[in-house]
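Enquirer: Sequence first, predicted coordinates after that:
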2 protein chains.
Amino acid sequence: MESGPSGGSRPAEPGPRLRGLRGADAAASASSLSRFGAEAGCRAPAVAAVLPAGGSGERMGVPTPKQFCPILERPLISYTLQALERVSWIKDIIVAVTGENMETMKGIIQRYQHKRISLVEAGVTRHRSIFNGLKALAEDQPNCRLSKPEVVIIHDAVRPFVEEDVLLNVVTAAQEHGASGAIRPLVSTVISPSVDSCLDHSLERARYRASEMPQAFLFDVIYEAYQQCSDYDLEFGTECLHLALKYSHIKAKLVEGSPDLWKVTYKRDLYAAESIIKERISQQVCVVMDTKEDEEHVGRCLEEMLKTELNHIKVTSGQDLQQIIVEQCYNFVCMNVMTSDFEKTQRLLNMLEESNLSILYPVVVISVHFLDYESVPFGQKMEKVGKNVGKIVCSVD
Amino acid sequence: MESGPSGGSRPAEPGPRLRGLRGADAAASASSLSRFGAEAGCRAPAVAAVLPAGGSGERMGVPTPKQFCPILERPLISYTLQALERVSWIKDIIVAVTGENMETMKGIIQRYQHKRISLVEAGVTRHRSIFNGLKALAEDQPNCRLSKPEVVIIHDAVRPFVEEDVLLNVVTAAQEHGASGAIRPLVSTVISPSVDSCLDHSLERARYRASEMPQAFLFDVIYEAYQQCSDYDLEFGTECLHLALKYSHIKAKLVEGSPDLWKVTYKRDLYAAESIIKERISQQVCVVMDTKEDEEHVGRCLEEMLKTELNHIKVTSGQDLQQIIVEQCYNFVCMNVMTSDFEKTQRLLNMLEESNLSILYPVVVISVHFLDYESVPFGQKMEKVGKNVGKIVCSVD
């Protein structure tokens, strides 16, 4: 059984590069790199990613190219960049954008504090844009601060939910086979029409797959293929794996991807992406209690109530707040049971401000005061708090 | 350029069968039937539809089969049934459901007042379910109130946004060619894997199409194909057009469908469907004014303001309210400018209650009273009203 977008392992979901938290970042990086050794029995290669983002998005039916369409007010491409950025072993990310969108793209990088990004000019087709990205990575480019990677990932700007797992899988497979790409089962049967728009034949669905992204290649394999390929390929081709096969004689290893890898193509896909993102950020809440005592009693009680609506509930009396913020929790409930000062709340707000967390998603802080702790039955009060907290967290956008 | 789901012609969107409005229904029916003559130069055939709905929805990653998953609290299949029901020239709709879901399905039909539906037991595969539906329509079935149609539409329970236009197109093409199906361009390149999960070859994307639904067939063509086809076909086949070709030697006419025809497959598709439905029902608002005079002045002013947020605004002083309800407007603003009685509002509420409109979607009625008509500048007041109305209508679910 395939799991839906909310199931499965935790995705390499967009999240901010946190200021002043280099220790945590470095730790994440080390742990990811070591996975190459553990999982594939090979050393960690130098990896870069190329993201063609020159499309006009004409299938979307809206004037804005789809990679720049806003989701919760942030452009789609920013989510994809972050999904790649969070993977610390991707050293450089080359984005190919058209001249007319170059300033827009620079603005996005600045506003959402994206790092390790280099921009190149897009070509008139997807293949030409990718080729421009590869050229920028090739050693023989003058005045280029980039260095040639061993493996290059090619991904789409409009697939924001790419997970670290699948990136690791395609990179590892590319190291071994020269080329690799994510695939998915076909949703519809594929047919071949005759010239008069009648059915010529249909393909047996089980024998074919949809080629998705990300794909990864030994850099020399794909760069050589692009250098050799014809103008026809560059104009009308749609498949990098095909170029590696045709020109470098490499049979790409195919890796099963998750349903999340789908490409935002139509307006409905923007709706779906927005709902997935909202669901993800609203499913995690941190309950901050005044004291260790309250944490045990009131906090656990609230936790039980919230469990029916939310997936991840963390109750704390404050010691590990910094770590919880690093792990990108966007929803906080500050419970003031006996006191009505704002000490804990103020400390949380300071940490949040310092963390830059709100650049990327709305952060929700709910402050609860038990003014009538003595007079209203505890169970009744908690039920009310639980219901309202759940409602607020799930409705914010 | 392809238009997104909200563009293009008005879809045969789910809508209720209204009580006490047989006149309007009959008029719609006559106009649709006459389109056969006008558009295709042929007489209107007897048409039935078969809807296989026996799937387990395992790709969704949720325990409920996807056709029964709720969208705005109503099961997905109910939207699809209504899209078909609204097309008056479809005489019978046969739904194939598994024994264990038979009672659920009966409950849905009753609750949402679906008409012209017959239930048959689903088979273990999609093809077997369709075959069961066709058997129920064939003349030689004993004790069957259904009669054999000339043309049968096959559709999916999980494609709720099917438009009357595309249904007409496939039926007309089936009359002429024997078989017809909706197609869409491929979103991803299709590849063929080798046995060791490496790329064998990739297909040139432009030369292939995704086969979607609805499809239509001369009844005898598809029934004969199903009667002849092998157990292997019934178990592993995915394509009705293929059966018509293989066993009845009919090359189906392929008809370009809209992006709305996509199949709800993953959880993200439920999100997308919900957003599309919300957008559709919230984009239409009717402003009911007290008097003809207010309609000209205050009403038009509000219309201008709402235009920036909503697509369809109808201003009326009440004469055509019945017709507006028939056309399925779900949002009403009753403006009381000089008076503060509730006469118009009460009349509207009575009509809405009588119409059964709220069975299918939430109906929003906003009552606005100008208590300080004299004291606050008119422009300022209208701006405030416009902003709030837009906000309320768009946020209700």
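Expert: The structure has been received and is ready for your questions.
Enquirer: going forward, measure contacts between C-alpha atoms and count neighbours the same way
Expert: Will do.
Enquirer: Show me which residues of the stretch 101-250 of chain A sit near chain B.
Expert: For the stretch 101-250 of chain A, the contact set with chain B under Cα under 8 Å from any Cα of the partner chain comprises A:187-193, A:197-202, A:204-205, A:207-212, A:237-239, A:241-242.
Enquirer: Can I have the buried ones of the residues you listed as a ChimeraX selection?
Expert: In ChimeraX, this line selects whichever of those come out buried by 16 or more other Cα atoms under 10 Å in any protein chain shown:
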select /A:187,188,189,190,191,192,193,198,199,200,201,202,205,208,209,210,211,212,237,238,239,241,242
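Enquirer: Among the residues of the stretch 101-250 of chain A next to chain B, which lie within strands?
Expert: A:189-193, A:199-202, A:209-212 (DSSP state E).
Enquirer: Adding distance to A:M382, write these out as CSV.
Expert: Formatted as CSV, those follow (distance: Cα to Cα, whole Å):
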residue, distance to A:M382
A:T189, 52
A:V190, 55
A:I191, 58
A:S192, 61
A:P193, 63
A:L199, 63
A:D200, 65
A:H201, 63
A:S202, 60
A:R209, 51
A:A210, 50
A:S211, 50
A:E212, 47
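Enquirer: I'd like those as TSV, with pLDDT appended.
Expert: TSV is the format used below for those (pLDDT from 0 to 100):
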residue	pLDDT
A:T189	94
A:V190	96
A:I191	96
A:S192	97
A:P193	97
A:L199	97
A:D200	96
A:H201	96
A:S202	95
A:R209	97
A:A210	97
A:S211	97
A:E212	97
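Enquirer: in what helix or strand does the spatially most central residue of chain A lie?
Expert: In chain A, the centroid-proximal residue (Cα atoms, centre = their mean) is A:A83; its distance is 3.1 Å. Taking DSSP states H and E as the criterion, A:A83 maps to helix A:76-85.
Enquirer: Give the residue spans of chain A that score low on pLDDT.
Expert: The model of chain A has pLDDT under 70 over residues A:1-43, A:57-62, A:140-143, A:339-340, A:371-375, A:394-397.
Enquirer: Swap in 80 and give it another go.
Expert: A:1-43, A:56-63, A:139-144, A:293-294, A:296, A:337-342, A:369-382, A:387, A:390-397 (pLDDT under 80).
Enquirer: thought the residue nearest to the centre of chain A was touching A:R159?
Expert: No: applying Cα atoms under 8 Å, one finds A:A83 not in contact with A:R159, separated by 9.5 Å.
Enquirer: just the strands in the stretch 1-150 of chain A please.
Expert: For the stretch 1-150 of chain A, applying DSSP state E, counting those that start in this stretch gives strands covering A:47-52, A:70-71, A:74-75, A:90-97, A:117-121.
Enquirer: Could you tell me how far the third one lies from the centre of the chain?
Expert: Taking Cα atoms, centre = their mean, to the nearest Å, the mean C-alpha location of strand A:74-75 is offset from the chain mean by 13 Å.
Enquirer: What strands line up against that strand, and which way round?
Expert: In the sheet, strand A:74-75 lines up against strand A:70-71 (antiparallel) (DSSP bridges).
Enquirer: can you list the residues that contact the strand it pairs with?
Expert: The contact list for strand A:70-71 (Cα atoms under 8 Å, 6 or more residues apart in numbering or on different chains) reads A:L76, A:L270, A:A273, A:E274.
Enquirer: Count the neighbours of the first one for me.
Expert: Other residues near A:L76 number 23, with proximity taken as other Cα atoms under 10 Å in any protein chain shown.
Enquirer: cool, and the second one?
Expert: Applying other Cα under 10 Å, we find 23 residues neighbouring A:L270.
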